[in-house]
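Participant: Everything below, folded, please.
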Amino acid sequence: MQSSERVLEYRSDLSTVKVSTEVKEKMSPHAIALENALDKMEDWQRILLLLRAQDMPYKEIAVYVQKPKNQLKVYYRRLLERLEITIEKELSLLKFEQS
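Facilitator: So this is what the prediction gives:
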């Protein structure tokens with residue numbers, strides 16, 4: 001399977017992937033916070049984060065997310081910042097719910 005096919009397959013499965021309650025109970029608070037933060041993102045944003053984590057060049061990612069390659073670097077940095085803030089908020093909510 002080529003990388004473009006994998007991305008398209010991943011993209012079509014994004015909305016259907018959910019973690020079961022049993023698995024979620026065993027997850028660390030950080031993993032739950034990450035999952036919640038990623039759930040709040042659009043598909044193209046999750047794909048951008050996933051593919052950059054795999055060191056795919058912005059030029060190739062632009063094909064899949066249908067965004068200009070020159071803007072992807074900016075989007076990526078903003079997404080990382082937003083992800084960090086959202087995870088911190090999710091963690092504080094999880095700690096509040098547990099107390």
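Participant: From now on I want contacts and neighbour counts done on CA atoms only, so please keep to that.
Facilitator: Fine.
Participant: Tell me where the model's unsure across the chain.
Facilitator: Low-confidence segments of the chain, defined by pLDDT under 70: 1-24, 99.
Participant: top helix in it by residue count?
Facilitator: helix 69-98 (DSSP state H).
Participant: wouldn't Ile87 be in contact with Lys40 here?
Facilitator: No: applying CA atoms under 8 Å, one finds Ile87 not in contact with Lys40, separated by 11.0 Å.
Participant: So the two - more neighbours on which side?
Facilitator: Using other CA atoms under 10 Å as the criterion, Ile87 and Lys40 rank with Ile87 on top: 21 against 12.
Participant: Tell me which residues touch the spatially closest residue to Ala62 that is not a sequence neighbour, please.
Facilitator: Counting by CA to CA, 6 or more residues apart in numbering, Ala62 lies nearest to Lys69, which is 5.1 Å off, once chain neighbours are set aside. If you count contacts by CA atoms under 8 Å, 6 or more residues apart in numbering, Lys69 has them with Tyr58, Lys59, Ile61, Ala62.
Participant: quick one, what contacts the second one?
Facilitator: The one in question is Lys59. Lys59 touches Lys69, counting by CA under 8 Å, 6+ apart.
Participant: What helix or strand is it located in?
Facilitator: Using DSSP states H and E, Lys59 sits in helix 58-65.
Participant: now the angle from that helix to helix 69-98?
Facilitator: Calculated by axes from the mean of the first three to the mean of the last three CA atoms, to 10 degrees, helix 58-65 forms an angle of 70 degrees with helix 69-98.
Participant: For Thr40, give its distance to Met56.
Facilitator: Quick fix: residue 40 is Lys, not Thr. 23 Å (CA to CA, to the nearest Å).
Participant: hang on, the earlier thing: in the contacts of Lys69, which residue is surrounded by the most others?
Facilitator: Most neighbours among these, by other CA under 10 Å: Ile61, with 23 neighbours.
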